[in-house]
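Trainee: Below is the sequence, then the predicted model.
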Amino acid sequence: AGLLTQPAFLATMSQADHNDPVKRGLFVRESLLCHDIPSLPIGQVPALPDLGEGATLRDRLRRHTEDPACAVCHKLMDPIGLGFESYDHTGRVRTMEAGKPVDATGVLDGSGNGDGTFVGAVELAHRLARSPVTHRCFVEHAASFWFGRTIEDDDGCAVDTVDRAFKESGDRLDDLLAALFSSDAFLYRSTRP
């Protein structure tokens, strides 16, 4: 199902010895939905509790959503990242964790028409592929890359025009590039005092 189930991606979005639903959820939230998550203050990473031998990572991550100081951000990342639980830290499929069947249920919000409960990264990928928010985010990333700079509020009209042209072409990459390269934001450099 594309990037989200590739072992290289899954291993990169993990720790050396265990998978990392927070990191995986953060990637989806910031890179595929273009939502900003505030940075964590330095030295403010609380350790997850040791709940004993039979506890799953999902059980331990509940602390993030129960602690008001953590919940503000973790409610945006953890529900998405937990949908990747059927993959270990190397990208291998797993069915058991701590002697229990893996629960790969996740919740997606902020995607528009793809919001809701999903099971597994494959279903998440399909929902994101149909999402207008993901589509727009892809266009914004393409514009930032090809313009060689951060997209500013002033670029909104140009990005809207490119997004519309990309959709009307049936999401053809060559038409996306043509729309980007013919936009005023690409052709004319604005100078700021």
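Mentor: Received it, and whenever you're ready, just let me know what you need.
Trainee: and Asp109, how many neighbours?
Mentor: Residues lying near Asp109 (other CB atoms under 10 Å) number 15. For the C-beta atoms, the positions are set from N, CA and C on the backbone; glycine is no exception.
Trainee: residues contacting it?
Mentor: Asp109 makes contacts with Pro79, Asp115, as judged by CB atoms under 8 Å, 6 or more residues apart in numbering.
Trainee: same thing but at 6 Å, please
Mentor: Asp109 sits next to Asp115 when contact means CB atoms under 6 Å, 6 or more residues apart in numbering.
Trainee: Then Asn19?
Mentor: Per CB under 6 Å, 6+ apart, neighbours of Asn19: Asp88, His89.
Trainee: Which helix in this structure has the most residues?
Mentor: Of all segments of type helix in the chain, defined using DSSP state H, the longest is helix 132-147.
Trainee: residues of it that come out buried?
Mentor: Buried residues in helix 132-147, counted by 16 or more other CB atoms under 10 Å: Val133, Thr134, His135, Arg136, Cys137, Phe138, Val139, Glu140, Ala142, Ala143, Trp146, Phe147.
Trainee: Just give me the neighbour total for the residue nearest to the second one when sequence neighbours are not counted.
Mentor: What that stands for is Thr134. Nearest non-adjacent residue to Thr134, counting by CB to CB, 6 or more residues apart in numbering: Leu128, 4.7 Å away. When neighbours are defined as other CB under 10 Å, Leu128 has 24 of them.
Trainee: my read is Leu128 is in a helix, agree?
Mentor: Yes. According to DSSP: H, G, I helix; E, B strand; the rest coil, Leu128 belongs to a helix.
Trainee: Thank you, goodbye.
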